[in-house]
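[1] Build me a structure from this.
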Amino acid sequence: MYPGGNGKSLILLTGLALAAQAAMPGSIAANSCANVDAQVAQGKLQLKQGKLDNAISTLSKAAQVLGTKPGSCDCHYNLGMALCKKAKVDLTDKSKSTTEFLSAKKELRTAVRVGQGNAIAKAANQYMMSNVPQVYLSPKNGEGTEMIAARLGLRSSDRGVGGAPARGKVFEFYADWCEPCKELKPVLAKVKQEYGDQVDVQSINVDDKNNAELVDQYDVSPIPTVIFMNPDGQVVGYSVGYAGEKSVEKEIQKILPNKS
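    Just a heads-up that it's a prediction; the model follows:
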């Protein structure tokens, strides 16, 4: 017992101390949330003012705190834009601009996935398609991709009647909210109708968490992205965005049984 106190006062003091401790985490969290919101707002202002280095620094710190929480979409989008603009400024330094473009792609892709069809996600997808050079937007393709297919169990083992060759595969990465994806749908429907016995066409919704590993393994960024896989599981062609029916037809020819 404290000097000059009594049992009741000690209980009261203890209760007040415990109540204060219980309140602290929520208060700290609220302050942290307010701070990161202020950081994002500051970074967006710096981006608008053309202070790219400052914007990248400010938004990067906010992105580290936010991670991929639902409310992080705006931060990743603006950080992606800042990095992309900086990459264009640094085009004379190939190594530096490449790193910045790849970082921009990562941030914009995160905004697309976190936003899942909100206005910012749509803007991020369009910005990525329009501002990041195509060379950085390609999914994984060529030698070595057959190993990815093997790990994911995607290598074709089905045989047609009479021992026909295994079929190639077409993976369309899309989202319900993506307008270019809607343009692509009838083209792929035609592919199914014409080549359904020779090619397996599958649609992969990037907003479905069950598809996250497939999206990540093939490094799919903007949507729509389509990969064309021969029967051995190697990605021998791809398209990013809506490239038209002729482009799809050209890639299909690479994975037909008599072409593989």
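
[2] Please make it C-alpha for all contacts and neighbour counts, starting now.
    OK.

[3] who touches stretch 80-98?
    Stretch 80-98 has contacts (Cα atoms under 8 Å, 6 or more residues apart in numbering) with 47, 52-53, 55-56, 100-101, 103-108, 127, 131-132.

[4] Just give me the closest of the residues you listed to N35.
    Closest to N35 out of the contacts of stretch 80-98 is A55 (15.6 Å), distances taken as Cα to Cα.

[5] ok, the nearest residue to the closest one once chain neighbours are set aside - contacts?
    Nearest residue to A55 in three dimensions, chain neighbours excluded: G43, at 4.5 Å (Cα to Cα, 6 or more residues apart in numbering). Contact analysis of G43 by Cα under 8 Å, 6+ apart lists N54, A55, I56, T58, L59, N78.

[6] let's see 6 Å
    A55, T58, L59 (Cα atoms under 6 Å, 6 or more residues apart in numbering).

[7] ok, the contacts of stretch 80-98 vs A63, which is closest?
    Nearest to A63 out of these is E107 (Cα to Cα; 9.2 Å).

[8] Surely that closest one is in contact with H76?
    Yes: applying Cα atoms under 6 Å as the test, E107 and H76 come out as touching, 5.0 Å apart.

[9] quick one: which of those two has more around it?
    The neighbour count for E107 versus H76, taken as other Cα atoms under 10 Å, is higher for H76 (31 against 25).

[10] check which helix or strand covers the more buried one.
    Using DSSP states H and E, H76 sits in helix 73-89.

[11] All the helices of the stretch 101-250 of the chain, residue numbers only.
    119-131, 134-137, 145-152, 179-195, 212-217, 245-252 (DSSP state H, counting those that start in this stretch).

[12] so which of the ones you listed is the most packed in?
    When these are scored by mean count of other Cα atoms under 10 Å, the highest mean neighbour count falls to helix 119-131 (a mean of 20).

[13] how much space between C73 and A166?
    As judged by Cα to Cα, to the nearest Å, C73 and A166 stand 42 Å apart.

[14] Among these two, which residue is more densely surrounded?
    Taking neighbours as other Cα under 10 Å, C73 and A166 compare with C73 leading, 29 against 21.

[15] What strand or helix carries the residue nearest to A55?
    Here G43 is assigned to helix 7-48, by DSSP H and E.

[16] what about that helix, average pLDDT?
    Mean per-residue pLDDT for helix 7-48: 67.

[17] Poorly predicted segments of this structure, please.
    For the chain, the stretches with pLDDT under 70 are 1-32, 156-165, 258-260.

[18] Geometric centre of it: which residue is closest?
    R109 (3.2 Å; Cα atoms, centre = their mean).

[19] Grab the nearest non-local neighbour of A111.
    Closest to A111 by Cα to Cα, 6+ apart is C73, at 4.5 Å.

[20] and that neighbour, what does it touch?
    Residues counted as contacts of C73 (Cα under 6 Å, 6+ apart) are A111, V114, G115.

[21] Only C-alpha atoms, please: export stretch 194-204 in PDB.
    Only the C-alpha atoms of stretch 194-204 are listed here, as PDB (Å, rounded to 0.1, in the frame of the first residue of the first chain):
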ATOM      1  CA  GLU A 194     -11.800 -22.400 -84.600                       C
ATOM      2  CA  TYR A 195      -9.000 -24.100 -82.600                       C
ATOM      3  CA  GLY A 196     -10.700 -25.600 -79.600                       C
ATOM      4  CA  ASP A 197      -9.500 -29.100 -80.500                       C
ATOM      5  CA  GLN A 198      -5.900 -27.900 -80.900                       C
ATOM      6  CA  VAL A 199      -5.500 -25.200 -78.300                       C
ATOM      7  CA  ASP A 200      -6.700 -24.900 -74.700                       C
ATOM      8  CA  VAL A 201      -7.800 -21.300 -73.900                       C
ATOM      9  CA  GLN A 202      -8.100 -20.300 -70.300                       C
ATOM     10  CA  SER A 203      -9.200 -17.000 -68.700                       C
ATOM     11  CA  ILE A 204      -7.400 -15.900 -65.500                       C
END
